[in-house]
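Asker: Predicted structure and sequence below. I'll ask about it afterward.
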Amino acid sequence: MPSQAFQASSARHVLAALVVAFAFTSGLAHAADAEQGIEQALNAALQDKRGITLYVNGQAISGAVTRIEPGRWVELRNQQHGHIVVRLDRIDGIAAP
């Protein structure tokens with residue numbers, strides 16, 4: 001009987017570990033999709049020479065995209081500030097016309 005209890009307990013632990021691992025990898029896939037979508041929107045704004053608004057940690061930053069370092073950062077400019085550099089992993093959202 002103790003052997004069966006140990007096997008059931010071990011099976012539950014393995015199942016729990018698999019659920020956590022799946023949830024973690026699923027979250028990474030969604031994060032990668034979001035970052036790719038953000039980079040695509042930034043590249044479109046750069047090509048079209050249109051202004052965008054970045055949402056970073058609850059703050060809105062508006063400007064024109066002047067340069068993108070893929071996977072790392074984006075550089076903007078606006079009338080108030082000459083150059084604004086924002087890390088891509090800090091961007092929560094983008095609004096573009």
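Answerer: That came through, no problem.
Asker: Sticking with the nearest residue to V86 once chain neighbours are set aside, tell me its helix or strand.
Answerer: With C-beta to C-beta, 6 or more residues apart in numbering as the measure, V74 is the residue that lies nearest to V86, at 5.5 Å, once sequence neighbours are left out. For every residue, glycine as well, the C-beta is placed using N, CA and C. Using DSSP states H and E, V74 falls within strand 73-77.
Asker: if we look at that strand, which residues are touching it?
Answerer: 42, 52, 54, 61, 63-68, 83-88, 91 (C-beta atoms under 8 Å, 6 or more residues apart in numbering).
Asker: Return the members of the residues you listed classed as buried.
Answerer: Of all the contacts of strand 73-77 considered here, the ones buried according to neighbour count by 16 or more other C-beta atoms under 10 Å are 42, 52, 54, 63, 65, 68, 84, 86, 88, 91.
Asker: For the last one, give me phi and psi.
Answerer: The phi and psi values for I91, taken as degrees, to the nearest 10, are phi -80, psi 120.
Asker: Quick check: beta-bridge partners of it?
Answerer: Judged by DSSP bridges, the bridge partners of I91 are V56.
Asker: what's the answer for the second one, then?
Answerer: When bridges are called by DSSP bridges, I52 pairs up with G63.
Asker: Look up the pLDDT of it for me, please.
Answerer: Reading off the per-residue confidence, I52 sits at a pLDDT of 92.
Asker: which ones are touching it?
Answerer: Contact criterion C-beta under 8 Å, 6+ apart gives 41-42, 45, 62-65, 76, 94-96 as the residues in contact with I52.
Asker: same thing but 7 Å
Answerer: Listed by C-beta atoms under 7 Å, 6 or more residues apart in numbering, the contact set of I52 reads 45, 65, 94-96.
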